[in-house]
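Colleague: kindly return the folded structure for what I paste below:
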Amino acid sequence: MSRRRLWSVVRKEVLHLVRDRRTLVTIITLPIIQLILYGYLSNDVTHIPSAVFDESRTPESRQLLEAFANTTYVDLRYYTTGFDQVRRLLDAGDAKIGILIPPDYAQRVRSGRQATVQVIVDASEPTSARTVLALAGQVGQVLSTRFLVRREALQTGASPPPAPVDIRPRAWYNPTLQNVNFIVPGVIAIILMFVTTFQAVTVIVRERERGTIEQLVVTPITGLELMLGKIIPLIGLGYIEITVTLLLASAWFHMPIKGSLLLLYGLSLAFFFSTLGIGVLISTVSKTFQQAAQMAQLVLLPSILISGFIFPRDSLPGWLQLIGGVFPLTYFVIVIRGILIKGVGFEYLWRQILPLVGLGVLVFAVAINRFQKRVD
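Modeller: Predicted structure coming up:
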């Protein structure tokens, strides 16, 4: 392999990227827009609008409502004077929860009898509904325990005994439970995958459509030199993308970076080889850019859904987990989250690093072989 010929192809591809300012601006700005938009996506359920019909209007009923409001999950937005108003608010979607307190609530609580409170949940959105249903049960248990302890203390005159079980939960790695710290690293991985794969498809298929690749074939440049010459600038572009997105994640979303950036940059190279290799493979079996883009979607979209970016892989069926094991994104998502969020290194990530490197070598080798045959 001649370094001079390889450098000539690299220089040619860099000049194409620099001169095509519209594409270059799109490549740089589109990931930034995607990161900002996806970074604000959250499945955290907070401040759910609620409608209250309090027929008791006593300190006990206010204590119950404060218990709901103090959880930050429930926003007591509407105070109504009848059940029909609650139903209208739920039907219109203005409220997602209806809390109905009966008129004898305080009397039953004071006398030690069971008091029934109805909590109506709009279950058309299941995620919020599950959270609220669990929350309602927890609030009831906490208030019941508090009332029983207070009544026992009043009857005996003794101090309330300590709780028999003292559970002290601790949240490691993301103590504030901010969803952005989980979403953003995965978004960075997806952005890198899309940019590198589609750019590999673009630079090869578009050149074939223009007929310029046949002009390169008649030159002394070998297929390997031609492919590497096109891939190397894209690797540099990938590193620019990961640098920009990391800076944006840290400055805009205040996402902590706890691990080694040097390790992340090194492992990103294996990921780039995999994604660029996939792009080259797609370009060798496609005659037009439209065909290549459709085939790329068939690879990229399933890898997003079963890589663990959105849904935990442990919750997927076994056969889907096996299919997910053939996608580089599955391993890179774990690697980038482990480095950025947990701050762990090779000694904990090697189970992900070895398959990631193996896939990178395998896919790139197959892509080189296929590309050379296509060029020849």
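
Colleague: work out for me the element T196 sits within.
Modeller: helix 180-210 (DSSP states H and E).

Colleague: counting contacts, what elements does the helix or strand containing T131 pack onto?
Modeller: Element membership for T131 (DSSP H and E) is helix 126-156. The helices and strands touching helix 126-156, judged by 3 or more CB pairs under 8 Å, 6 or more residues apart in numbering; DSSP states H and E, are helix 59-69, strand 118-121. C-beta here means a position set from N, CA and C on the backbone, and glycine is covered the same way.

Colleague: which elements pack onto the helix holding T196?
Modeller: Using 3+ CB pairs under 8 Å, 6+ apart, helix 180-210 sits against helix 21-39, helix 223-252, helix 261-284, helix 289-306, helix 328-337.

Colleague: so which of the helices and strands packed on helix 126-156 gets nearest A189?
Modeller: strand 118-121 (35.2 Å; CB to CB).

Colleague: how close does P185 get to A171?
Modeller: In this view, P185 and A171 are 17 Å apart by CB to CB, to the nearest Å.

Colleague: hang on, the earlier thing: so which bits of the helix holding T196 are buried?
Modeller: Neighbour-count burial for helix 180-210, with 16 or more other CB atoms under 10 Å as criterion, is recorded at 180-208.

Colleague: and stretch 273-290, by the same measure?
Modeller: Going by neighbour count (16+ other CB under 10 Å), the buried part of stretch 273-290 is 273-284, 286, 289.

Colleague: nearest to L65, of those?
Modeller: Using CB to CB, the buried residues of stretch 273-290 come closest to L65 at T275, 52.5 Å.

Colleague: ok, that closest one touching Q199?
Modeller: No. Between T275 and Q199 there is no contact under CB atoms under 8 Å: 9.5 Å.

Colleague: mean confidence for stretch 341-355?
Modeller: The average of the pLDDT scores along stretch 341-355 is 90.

Colleague: could you export that stretch as CSV, CA atoms only?
Modeller: Written as CSV, here are the backbone C-alpha positions of stretch 341-355 (Å, rounded to 0.1, in the frame of the first residue of the first chain):
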residue,chain,number,x,y,z
ILE,A,341,-21.9,8.1,34.2
LYS,A,342,-20.2,5.5,36.4
GLY,A,343,-16.6,6.5,35.7
VAL,A,344,-15.5,2.8,35.3
GLY,A,345,-12.6,1.6,33.1
PHE,A,346,-11.5,-1.4,31.1
GLU,A,347,-11.5,-3.8,34.1
TYR,A,348,-15.4,-3.5,34.2
LEU,A,349,-16.1,-2.9,30.6
TRP,A,350,-14.1,-5.6,28.9
ARG,A,351,-17.1,-7.8,28.4
GLN,A,352,-18.5,-5.0,26.1
ILE,A,353,-15.1,-3.9,24.7
LEU,A,354,-14.1,-7.4,23.3
PRO,A,355,-17.3,-7.9,21.2
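
Colleague: next one: it to chain centre, how far?
Modeller: 19 Å (CA atoms, centre = their mean, to the nearest Å).

Colleague: with stretch 26-33 instead?
Modeller: For stretch 26-33 - counting by CA atoms, centre = their mean - the centre lies 18 Å from the chain centre.

Colleague: domain ranges for the chain, per the record?
Modeller: 3-42+178-375, 48-156 (automatic domain parsing).

Colleague: so for the last one, mean pLDDT?
Modeller: I take that to be domain 48-156. For domain 48-156, mean pLDDT rounds to 85.

Colleague: who's in contact with S283?
Modeller: Contacts for S283 (CB atoms under 8 Å, 6 or more residues apart in numbering) come out as 200-201, 204-205, 208, 292.

Colleague: can you tell me how far it is from G238?
Modeller: From S283 to G238 the distance is 17 Å (CB to CB).

Colleague: where's the residue nearest to I97 when sequence neighbours are not counted, which helix or strand?
Modeller: Computed as CB to CB, 6 or more residues apart in numbering, the closest residue to I97 that is not its neighbour in sequence is S50, at 4.0 Å. Here S50, judged by DSSP H and E, is contained in strand 48-54.

Colleague: tell me the pLDDT at the residue nearest in space to the middle of the chain?
Modeller: What sits nearest the mean C-alpha location of the chain, by CA atoms, centre = their mean, is I183, with 3.4 Å. Reported pLDDT at I183 in the predicted model: 83.
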